[in-house]
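**Q** Build the 3D model from these lines:
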Amino acid sequence: MAYSFDLDDALTMDDPTPDTVEIIVTSNAKEVEVLSAEEAHEKVSGMPTVVPSSSGVCTVCMESLQSTCKEAPCGHLYHADCITQWLSFRNSCPTCRFNVSGHQKKVPVSPPVTKLE
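**A** Modelled structure (predicted):
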């Protein structure tokens, strides 16, 4: 027996859900600390300005790091404008989620992978 679909029947069917629905909301999300634009700018200005030793990429804008950039407490490098904008939305490193204003220890970061041709 072949099954056939009739759009008219489907559109005029009774709704199989009850009139009242109990909605249970659960959340396991952690609270995220957000910095104001001024706080983000202040935090970035306190980061060391470095010259990248190898060709890396800013993971916020995906552009190459050719000139000076800012080093986050975890060791990742970003354009100053990019990391400032990021920190106004999230208070963590875009790459490793290290809490930028936290009192965590600095962890080593492996250098970017070199593309072999």
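
**Q** For residue 67, see how far away residue 101 is.
**A** According to C-beta to C-beta, to the nearest Å, residue 101 and residue 67 sit 26 Å apart. Quick note: C-beta positions are derived from backbone N, CA and C, even for glycine.

**Q** ok, those two, which is more surrounded?
**A** residue 101 (13 against 8; other C-beta atoms under 10 Å).

**Q** Could you tell me the per-residue confidence at that one?
**A** Residue 101 carries a pLDDT value of 70.

**Q** Need phi/psi at residue 70.
**A** Backbone torsions for residue 70, taken as degrees, to the nearest 10, come to phi -100, psi 140.

**Q** Leaving out chain neighbours, which residue sits closest to it?
**A** residue 47 (4.4 Å; C-beta to C-beta, 6 or more residues apart in numbering).

**Q** Could I get the contacting residues of the one you found?
**A** 70, 71, 72, 73, 83 (C-beta atoms under 8 Å, 6 or more residues apart in numbering).

**Q** if I pick residue 78, what's in contact with it?
**A** Counting by C-beta under 8 Å, 6+ apart, residue 78 touches 58, 59, 60, 65, 69, 70, 72, 86, 94.
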